[in-house]
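*Asks:* Model the structure of this input:
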Amino acid sequence: MVDGSDLDVLRAEALAATERYARAAFDAEPEFVPGSTPVPVSGKVIGAPELRALVDAALDGWLTEGRFARAFRARLAAVTGRPHVALVGSGSQANLLAVAAAGSHLHDRPLRAGDEVITAAVGFPTTVAPLYQHGLVPVYVDVEAETGNPSPEGVAAAIGPRTRGVLMAHCLGNPFDGPAIEALCAEHGLVLLEDCCDALGSRIAGRLVGTFGQAATYSFYPAHHMTTGEGGAVATTEPAWARAVGSLREWGRDCWCEPGVDDVCGRRFDGRFGALPEGYDHKYVFSHVGYNLKVTDLQAALGLAQADRLPAFAERRAANFGRLRAALAPLEDRLVLPRSLPGAEPVWFGFPLALRDGDARRRRALQLHLLERRVDSRLLLAGNLTLQPGFQGLQHRVAGPLPAADRITEAALWVGCHQQLTEPMVDWIAESVTHFVQRT
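*Replies:* Numbering: from 1, shown residues only. All right, here's what the predicted structure looks like:
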């Protein structure tokens, strides 16, 4: 029989071996050969802290949410500036959960099917998919070509008699005008949900994005600012929102005990809930039509280690973005380059650009040119969402013409500025874009 002290020794040996492996496997930076070494559009950075955390969590044998999840939630509360954080399996799940929570009976004026929610015409599908899935009506607003975000004036003009909310993403980490949108929503009694999946750590007017609305969503997919593999979160300040999010995340149950914990309130068998028998076990009372969107402790352990690196990751992203922006500045007569609002401090997810002249065929030619040089790129999310096949025939409203969204769909793309990229890689991206623009 192995006693506790022996297990501690074995755990220490396993963790030490893990760290040695991680240093050997991940610490060496490969030589960059222009035109030969791939330049990915996104990428994670992991090493000894992450592998050690993963193994440490695995050795607990707990697997579902446990001590690492509790620590990670507390850390994310500090990172996001919101006291209540719910961990979920992806940013898409986070958006689904936030929209579902907006319809909770715990609110004085919950969103209901048929209510309108204003959103950007350019974005990723999983920002707006939960609106359709809950019978809400997206109201699409055009964006500004250089910021990728709607203006407050555009949002204000879109408000109609059935408008009840605003759900917008900070495009590629570039903050929309949070203070103005917050004030507009307060004036009209609208719910504001912020999709911060691409914008963790970005600020505007000195405030973190995600602190302007009732709830904010985050993604920890490997392409993002930090990773848990697959993962995401919903953050909020208001207790009613925290209760709704927590219930809906865990099957819709009414009980708020942590997994593996019973009877925190001391009244587990004392309540009366609807038509259920008196004293019905509170752990099996369901007050919402919910989901199971929980994560494992391994994911939380990885996120906890990654959170320590966020400042360094943000610094590298900012440096890469600035280097690329400066290198491409001489081409502003040929390219639409990104711009942030006054007082904004973006932690950029990617570097967007658009051709001033030419159509989608020329944009495709640019992408192929980059690929020939081993530089990857992506389109600016889904472009004009109203054109996407999956949303055809679904109820929505378009608030005015969408010229910038259409132009982005024709001519825009983005390249990487993430923490995995070195200065020579960034210079090669700039040189490759310049070569295409100057020859065509």
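*Asks:* Low-confidence ranges, the stretch 1-150 of the chain, go.
*Replies:* For the stretch 1-150 of the chain, the stretches with pLDDT under 70 are 1-2.
*Asks:* in which helix or strand would I find residue 234?
*Replies:* According to DSSP states H and E, residue 234 maps onto strand 232-236.
*Asks:* So what's the gap between that strand and the chain middle?
*Replies:* Centroid displacement of strand 232-236 relative to its chain, using C-alpha atoms, centre = their mean, to the nearest Å, is 9 Å.
*Asks:* Residue 117 falls within a helix, correct?
*Replies:* No: the assignment for residue 117, made by DSSP: H, G, I helix; E, B strand; the rest coil, is strand rather than a helix.
*Asks:* what's the strand or helix carrying residue 183 packed up against?
*Replies:* Using DSSP H and E, residue 183 maps to helix 178-188. Helix 178-188 sits against helix 152-158, strand 163-169, strand 191-195, with contacts defined as 3 or more C-beta pairs under 8 Å, 6 or more residues apart in numbering; DSSP states H and E. All C-beta spots, glycine's among them, are computed from the backbone N, C-alpha and C.
*Asks:* Turn those into JSON lines, including distance to residue 184.
*Replies:* Shown next, in JSON lines, are the helices and strands packed on helix 178-188 (distance: least, C-beta to C-beta, whole Å):
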{"stretch": "helix 152-158", "distance to residue 184": "6"}
{"stretch": "strand 163-169", "distance to residue 184": "8"}
{"stretch": "strand 191-195", "distance to residue 184": "9"}
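*Asks:* what's the closest of those to residue 356?
*Replies:* Nearest of those to residue 356, taken as C-beta to C-beta: helix 152-158 at 21.9 Å.
*Asks:* Buried residues of stretch 427-435, list them for me.
*Replies:* For stretch 427-435, burial by neighbour count (16 or more other C-beta atoms under 10 Å) applies to 428-430, 432-434.
*Asks:* Give me the contacts around that stretch.
*Replies:* Residues outside stretch 427-435 that contact it (C-beta atoms under 8 Å, 6 or more residues apart in numbering): 32, 34-35, 39, 323-324, 327-328, 331, 335, 351, 353, 366, 369-370, 373, 375, 415-416.
*Asks:* of those residues, buried ones?
*Replies:* Buried by 16+ other C-beta under 10 Å: 32, 39, 323-324, 327-328, 331, 335, 351, 353, 366, 369-370, 373, 375, 415-416, out of the contacts of stretch 427-435.
*Asks:* Of those, which belong to helices?
*Replies:* Judged by DSSP state H, helices contain the following of the buried ones among the contacts of stretch 427-435: 323-324, 327-328, 366, 369-370.
*Asks:* Which neighbouring elements make contact with the strand holding residue 234?
*Replies:* The contact analysis (3+ C-beta pairs under 8 Å, 6+ apart) places strand 232-236 against helix 67-80, strand 84-88, helix 91-102, strand 215-219, helix 239-249.
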